[in-house]
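In: The following comprises the amino acid sequence and a computationally predicted model.
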Amino acid sequence: MSVDRDTFRHSLGSWPSGVAIVTSAHAGERLGMTVSAFSSVSLDPPLVLVCADKASNTNKLIHASRAFTVNVLARDQSALSNLFADKKREAVRFDGLACKTGATGCPLIPGALASLDCSVRDVVDAGDHIVYVGSVEAAAIDAELEPLVYWRGGYQKLTPL
């Protein structure tokens, strides 16, 4: 017996998550996509994972470049999150963004709370997605910023207990 797609999607939406833009670059092309499917894997060695829709162009670029950067978004970056999630606006996602280049050659989103620049270590085929396990080559954080949080279909603000 399988759960229906809508119930599964709404169940997953009950889990609050941070929001990140995963970027990659290869042969002069740079792409990025908004993700909430991102997680730490290991502290020693430092590993993270991201899940990419098989149909996404960013997935194809990660596959070709064997590198990606996870840019953890700050609370004031919801517009960027929406832009990088909009498949119809893929060609203009980087317009006006003064991105620096990370150690792996992938774009670093300006104003992000943190960035994890990774080389692909493992690739796992998982349904309609590919799971990329990345070896973290470089990381940066701006401890003054607050994270962008997504829960039940909308952005939320953290409140201390």
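Out: Perfect, thanks for sending it. Numbering: from 1, shown residues only.
In: With adjacent residues omitted, what lies nearest to Val124?
Out: Using C-beta to C-beta, 6 or more residues apart in numbering and skipping the chain neighbours, the partner closest in space to Val124 is Val131 (4.1 Å). C-beta here means a position set from N, CA and C on the backbone, and glycine is covered the same way.
In: Next secondary structure after the helix or strand encompassing that neighbour?
Out: Using DSSP states H and E, Val131 sits in strand 129-141. Using DSSP H and E, the helix or strand that follows strand 129-141 in sequence is strand 149-151.
In: now for that following strand, which elements pack on it?
Out: On a contact count with 3 or more C-beta pairs under 8 Å, 6 or more residues apart in numbering; DSSP states H and E, strand 149-151 meets strand 17-18, strand 154-156.
In: Now do the buried residues in stretch 71-87.
Out: 71-75, 77, 80-81, 83-84 (16 or more other C-beta atoms under 10 Å).
In: His10: which of those is nearest?
Out: Ser81 (19.9 Å; C-beta to C-beta).
In: tell me which element the closest one is part of?
Out: Using DSSP H and E, Ser81 falls in helix 78-85.
In: Any chance you could list what contacts that helix?
Out: 19, 21, 32-34, 73, 89, 92-93, 109, 148, 150, 155 (C-beta atoms under 8 Å, 6 or more residues apart in numbering).
In: residue boundaries of the strands in the protein?
Out: Listed in chain order, the strands of the chain (DSSP state E) span 17-18, 20-26, 29-35, 38-42, 47-53, 67-72, 100-101, 107-108, 114-126, 129-141, 149-151, 154-156.
In: picking up where we left off before, considering the contacts of helix 78-85, which is situated nearest to Asp4?
Out: Set against Asp4, the nearest of the contacts of helix 78-85 by C-beta to C-beta is Tyr150 (22.2 Å).
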